[in-house]
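A.B. asks: Let's see this in three dimensions:
(4 chains, ligands or ions: 4)
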There are 2 protein chains.
Amino acid sequence: MMEHLPDKLPKLTKNQNLVMGVLSKVDHPMSAYAILDSLKGNGLRAPLQVYRALERLEMLGLVHRIECMNAFVACRHDATKDDSMVAFIICNSCGDVKEVSDNSVEVGLHNVTKKAGFILQKPTIELQGLCRSCR
Amino acid sequence: MMEHLPDKLPKLTKNQNLVMGVLSKVDHPMSAYAILDSLKGNGLRAPLQVYRALERLEMLGLVHRIECMNAFVACRHDATKDDSMVAFIICNSCGDVKEVSDNSVEVGLHNVTKKAGFILQKPTIELQGLCRSCR
DNA sequence: TTATAAATGTTATAATATTACATTTAGACT
DNA sequence: AGTCTAAATGTAATATTATAACATTTATAA
Ligand SMILES: [Zn+2]
Ligand SMILES: [Zn+2]
Ligand SMILES: [Zn+2]
Ligand SMILES: [Zn+2]
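C.D. replies: Ligands and ions are numbered 1, 2, ... in the order given. Presented below is the predicted three-dimensional model:
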């Protein structure tokens, strides 16, 4: 779907690196304030510093925002090889969040947007339910 | 997809009717606080009254929450005849929000969840971009 | 009637996000 | 190196969205 990714990633700035570092070390989404807490005394003091870094990281495709959780997660799909549309599978029981991509989802959304004469810029696909081990 | 809808809608309570009344009269999503403002002096005084009504209306399938806007919109698809999965098309330019449904989207999501062994309970599909008249 | 669940009213507070403004840093270009 | 400019940063204040806690009232049904 011709994604956001620049050909080459620019070097990250200090704050962007701090935030990316935190998100990379965990496998679940974190709220901006949780990120901030984990960086207090480590350079960051105010929410805005986190929100600004997140905004940039999201633009670069390194971080995704999970709308239904008001939280942010490091990108886990290989965006350099696979730029297809992405969905999140969110377990309501154990809280596990997985990033997945599937061509048939893309086809479906393409149908819907085409029918509406709509130019898709930013799809949000968040699937809440029960994961394999919780169901 | 075997939806949320009860066979018969229960009679709405006073607050639920007030909130539903506001959302029905407009064709765009409103924040909980915007709803509250429009009902001040009309019975409602506090945010919680609105949030509680919205929670119930959402369960009944009469209202949808738009996650990427933190806002709520009256359901516009005929839920009595069509209980297929729903997506929202959101124009970044004019702010127009349309509720649409398309079987191929449902097929796509079914593929993805099946592959993951996931039981889907609540899909969120929000497509931001440019509508026909804004593109 | 009486028990029960649902809905309501109210206050306070938590959690998430942005505005405004001053300052510093990093690159690009003489 | 010196100068210019855009980007990033620092900080405080504030706006927006959402929930916790608790008392009371209303609807429903045994
Ligand atoms: Zn990704
Ligand atoms: Zn699970
Ligand atoms: Zn609907
Ligand atoms: Zn438009």
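
A.B. asks: only C-alpha atoms for contact and neighbour calcs from this point on.
C.D. replies: OK.

A.B. asks: Just the pLDDT at the residue sitting furthest away from the middle of chain A, thanks.
C.D. replies: The outermost residue of chain A relative to its centre, with distances by CA atoms, centre = their mean, is residue A:115 at 27.4 Å. Model confidence at residue A:115, given as pLDDT, is 96.

A.B. asks: Which residues does the helix or strand harbouring it contact?
C.D. replies: With secondary structure defined by DSSP states H and E, residue A:115 is part of helix A:103-116. With CA atoms under 8 Å, 6 or more residues apart in numbering or on different chains as the test, helix A:103-116 has contacts from A:84-85, A:119-120, B:89, B:100-109, B:111-112, B:131-132.

A.B. asks: ditto for stretch A:63-72
C.D. replies: The set of residues that contact stretch A:63-72 without belonging to it, under CA under 8 Å, 6+ apart, is A:20, A:23, A:29-32, A:54, A:57-58, A:73-75, A:124, A:126, B:67-68.

A.B. asks: Could you identify the most distant pair in those residues?
C.D. replies: By the measure CA to CA, these have their two most distant members at A:20 and B:67, which lie 24.1 Å apart.

A.B. asks: before we move on, back to that, just the buried residues of the contacts of helix A:103-116.
C.D. replies: Restricting the contacts of helix A:103-116 to buried positions leaves A:84-85, A:119-120, B:89, B:100-102, B:104-106, B:108-109, B:111-112, B:131, with burial counted as 16 or more other CA atoms under 10 Å in any protein chain shown.

A.B. asks: from what I can see residue A:49 touches residue A:16, true?
C.D. replies: No: taking contacts as CA atoms under 8 Å, residue A:49 lies outside contact range of residue A:16: 9.0 Å.

A.B. asks: can you tell me if stretch A:37-45 touches DNA strand D.
C.D. replies: Yes: contact of stretch A:37-45 with DNA strand D (CA under 7 Å from any atom of the strand) involves A:43, A:44, A:45.
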